[in-house]
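Asker: Here's a sequence, model it:
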Amino acid sequence: MTPALSFAVSGTGERIELTEFTAVVAGYTGRDAAAVQHHIDELAAIGVAPPPEVPMFYPVEAGTVSTEPAFRVAGAQTSGEIEPLYIRHQGRYYLGIASDHTDRLLETEDIGESKRACPKPVAGTVLPVEDLDTLSLDACTARSWVDGELYQEGTLSNLRTPADVVGLFLERRSPGDGDFICLGGTLPLLGGTFTYGTDWTLELSFPDGATISHSYTISQPTISQGAQS
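Answerer: Next comes the predicted model:
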């Protein structure tokens, strides 16, 4: 049985609890189609197969999505990235943040398996979304740190809108009326290369000064550097 996934809803004093839900990671969610294709071509040049559709929705086990602060992974080359998290629970939408922690060595062989090989850490606080169609994250700033070093920083204006990502997911995967969570894509790494670190921090800042943040640690066999992003 999948462990319940519980969130505090900011500003309301309420909590939501997901017990049966679909979980997916959206990939290739850039708003600029030419830039996305360029990235696909770059990956193909190093042996990563092109996706059958863009954006791509990779299913992951619901049990790997967790608000816990610490995880163990089998691979020595794993890393995370901050992503907006779109949640539907009992017909209502919520916004959170997550880390698409991925096995980068396995990623060169099978992207879906590389995502399923690692946990998907998520913040325990979410924001209620009144209208998904009008929700814009363009003015929000996303950041991540690994082992205390700034790893990602930028706005989310280059990503497809929340309504676009969720709409395509509903169209292509037809989850019915059930609960789901969807990781919505990320922004480039500041240094251009993956870091296989231990301590990860995620933060999404809003124009009004509000933030959602989350920290987690990863235990893995070897910490090394150097795959190309």
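
Asker: what stretches of this protein score poorly on pLDDT?
Answerer: 1-2, 46, 221-229 (pLDDT under 70).

Asker: run the last query once more with 80
Answerer: 1-3, 39, 42-43, 45-48, 174-175, 220-229 (pLDDT under 80).

Asker: Run a quick neighbour tally on the residue nearest to T29 when sequence neighbours are not counted.
Answerer: Distances taken as Cβ to Cβ, 6 or more residues apart in numbering place G185 nearest to T29, at 3.2 Å, with adjacent residues excluded. Just so you know, the C-beta spots here come from the backbone N, C-alpha and C atoms, and that holds for glycine as well. Neighbour count for G185, taken as other Cβ atoms under 10 Å: 22.

Asker: Look up how far R31 lies from G185.
Answerer: Plainly put, G185 is 10 Å away from R31 if you go by Cβ to Cβ, to the nearest Å.

Asker: which residues do these two both contact?
Answerer: Contact with both G185 and R31 is made by residues L159, R160, according to Cβ atoms under 8 Å, 6 or more residues apart in numbering.

Asker: In this structure T141 contacts G154, no?
Answerer: Yes: the criterion here is Cβ atoms under 8 Å, and T141 meets it with G154 at 6.9 Å.

Asker: next helix or strand past the strand or helix carrying A98?
Answerer: Using DSSP states H and E, A98 maps to strand 92-99. For strand 92-99, the following helix or strand on the C-terminal side (DSSP H and E) is strand 102-103.

Asker: Thanks a lot, catch you later.
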